[in-house]
Structures are given as structure tokens and as C-alpha cells.
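Peer 1: I need the structure of the sequence given here:
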Amino acid sequence: MAETAAKIRLAASNIGWGKPWDETVYAAMQAAGFTGLEVAPTRIFPGQPYENLTPAALFGGYLLNRWGFAVPSMQSIWYGRGGNIFDEAAQEALLDYTAQAFAFAHALHCPSLVFGCPKNRLQPAGADPAAADLFFDKAGRLAARYGVRLAIEANAPRYTNYLNTTAEVFALVKRLQNPGLAVNLDLGAMLEAGERLRDFIPDLNWVSHIHISEPGLAPVRPRPEHKELALLLKAVGYRGYVSIEMADPGAPEPVLQAIQAVAEVFQ
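Peer 2: Predicted structure coming up:
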């Protein structure tokens, strides 16, 4: 049991480099022992990604058979989409679109979808917080039907005014007690909010995915928090993936360096 728990599965998000560098980065990930690729759907299928269920399944097969990668997580699931979760009149359309994302994830055998969507969750002045609870409860029930989980993450105040801290996200998910909801633990958001990893040890069972990131999605660099997180995850027997998340800096070198640094700490 201890030997199994010691192995933390690693992934990287494909928002961290440009498409021309895919195979270069895949090869580096494979060599470093990574077994997952986190995907932004529009990075693979620009335009209307959720209309490509069969191509998505074929892409998942290519990743697995050629590189040995599963798809543990999807992010940017509402990229380019309008609407606000506090607007009850808009919720039905948003839920319909989210159901398409769940079907896409199912085709990729992807168990977790990150809910960041900072613009879509801006809380208007005077808005009832219960409207967001209603949305997430419906979305979680829908996710459970597809056998996936919607993993809510904290977003810093520079992006939105709702669920800015990891503590607030845990409080929401624990309050709703919905089997289709989970927490995406984002290290960059925690660092920006001044939160400590050890404060969330009792809540780690609610986490379905983890981002190793920096505030503002800057290139990932070595931090003592990485070693602390690795120790905590091994201690609690975390079974999900830990994924590098960073914005594309325009060259592959930063993500290649991050792959090596993260592999050294977590494996």
C-alpha cells in the first residue's frame, strides 16, 4: 500500500506551449515519467470543439498508444463563451453547453473538468449567492450522469470577485455535498491568496486534480511548496494527477525546464 501511494501521477496542461512544439514537449514528458496530458478543448479543435466527439476519441487513442498519456483533466471549458452563473435566465444555456463539455470529456475518458471561467462567475452587486449554489448543484448532478466531476478552482481577485480563495471553494463543495463536484487545487491561486497547504490536509479528499502553477500563470519555477505538497499527497494517498499549468511563453524551454523540476520533486 505504501509503495503504491508513493507514486504520484504527473501531467502537463497543453496551454503551456504552442502547437508546433507538441511532439517535443510530449517526448520530454514521456522521458520524465509523465503519464497525463491536460487539455484545453479549443487547443485541439479550434472553434466548436464539442462537436468533435469522434475526433476527440481518436485523439485520446493517439495520446495513449503513441505516448502513454491519459487525459486526466480538461480546462478552459467555456473558452469564448458568454453568460453568467448568477443570471438564472442564462443558467439553462450554460448547463446545456457544459453537458456538451461533459460528453467531450467522456469521449476522452477524462474524469475531471476544471471550472475556472472567471468572467462567467463575476458576481454582480446585490446578486444572490444562492444563484451560484443552484447552478453548481445542477452542474454537479449533470456531471455525475456522465461519470465525470466538475472541479472548481479558486481564481485571484485580478480575474474575478467570486471564489477567490481555496478555502471558499472547499466551503462551497462541502456545503453542496454533490457527488459530481470536486476541488481543483491550484497552487498559484493559493500563493496569491497567502494560503498554506497544511491548512487543507483534512479536505484533500475533495480534490480531483491539482495544478502546479504560479500567480498569473507565469512559468513554473522550483518552490519549497512543491516538496511540501509532494509529502502531503503521499501521506494522504492522493490518487489523482498533479499537472503543470502555465501560460505559453512563446518558446518551449520554460515548460521543458518545469517538467524536469516537477519530476525530480514528485517522483
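Peer 1: burial of residue 8, as a residue count?
Peer 2: 19 (other C-beta atoms under 10 Å). Every C-beta, even on glycine, is put in place using the N, C-alpha and C of the backbone.
Peer 1: Tell me who's in contact with it.
Peer 2: By C-beta atoms under 8 Å, 6 or more residues apart in numbering, the contact set of residue 8 is 230, 233-234, 238, 242, 266-267.
Peer 1: Tell me which two in those residues are the farthest apart.
Peer 2: Comparing all pairs in these by C-beta to C-beta, the longest separation belongs to 238 and 267, at 13.8 Å.
Peer 1: Compare the two (neighbour count), which wins?
Peer 2: Taking neighbours as other C-beta under 10 Å, residue 238 and residue 267 compare with residue 238 leading, 20 against 14.
Peer 1: next one: stretch 193-207 to chain centre, how far?
Peer 2: Distance of stretch 193-207 from its chain centroid, counting by C-alpha atoms, centre = their mean, to the nearest Å, is 16 Å.
Peer 1: same thing with stretch 182-193?
Peer 2: 10 Å.
Peer 1: now do stretch 124-133
Peer 2: Worked out by C-alpha atoms, centre = their mean, stretch 124-133 lies 24 Å from the chain centre.
Peer 1: hey, C-alpha coordinates of it in CSV?
Peer 2: C-alpha atoms of stretch 124-133 as CSV (Å, rounded to 0.1, in the frame of the first residue of the first chain):
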residue,chain,number,x,y,z
PRO,A,124,-22.8,41.5,-9.8
ALA,A,125,-23.6,43.9,-7.0
GLY,A,126,-26.6,42.7,-5.0
ALA,A,127,-26.6,39.2,-6.6
ASP,A,128,-27.9,36.4,-4.5
PRO,A,129,-25.1,33.8,-3.8
ALA,A,130,-27.7,31.2,-3.8
ALA,A,131,-28.0,31.5,-7.6
ALA,A,132,-24.4,30.2,-7.9
ASP,A,133,-25.1,27.4,-5.5
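Peer 1: any idea how far the spatially closest residue to residue 178 that is not a sequence neighbour lies from residue 181?
Peer 2: Nearest residue to residue 178 in three dimensions, chain neighbours excluded: residue 140, at 3.5 Å (C-beta to C-beta, 6 or more residues apart in numbering). According to C-beta to C-beta, to the nearest Å, residue 140 and residue 181 sit 4 Å apart.
Peer 1: ditto for residue 121
Peer 2: 14 Å.
Peer 1: between the two, which one's more packed in?
Peer 2: residue 181 (25 against 22).
Peer 1: my guess is the more buried one contacts residue 141, does it?
Peer 2: No - in this structure residue 181 lies outside contact range of residue 141 using C-beta atoms under 8 Å: 9.2 Å.
Peer 1: Quick one: mean pLDDT over stretch 24-43.
Peer 2: For stretch 24-43, mean pLDDT is 98.
Peer 1: So what would you say the end-to-end distance of it is?
Peer 2: End-to-end distance of stretch 24-43 (C-alpha to C-alpha, to the nearest Å): 16 Å.
Peer 1: Point out where the chain drops to low pLDDT.
Peer 2: 1-6 (pLDDT under 70).
Peer 1: where does residue 210 land in three-state SS?
Peer 2: Residue 210 falls in the strand class when you classify it by DSSP: H, G, I helix; E, B strand; the rest coil.
Peer 1: close enough to count as contact, it and residue 245?
Peer 2: No - judged on C-beta under 8 Å, residue 210 makes no contact with residue 245 at a distance of 9.4 Å.
Peer 1: Need the residues touching each of the two.
Peer 2: Listed as contacting both residue 210 and residue 245 by C-beta under 8 Å, 6+ apart are residue 186.
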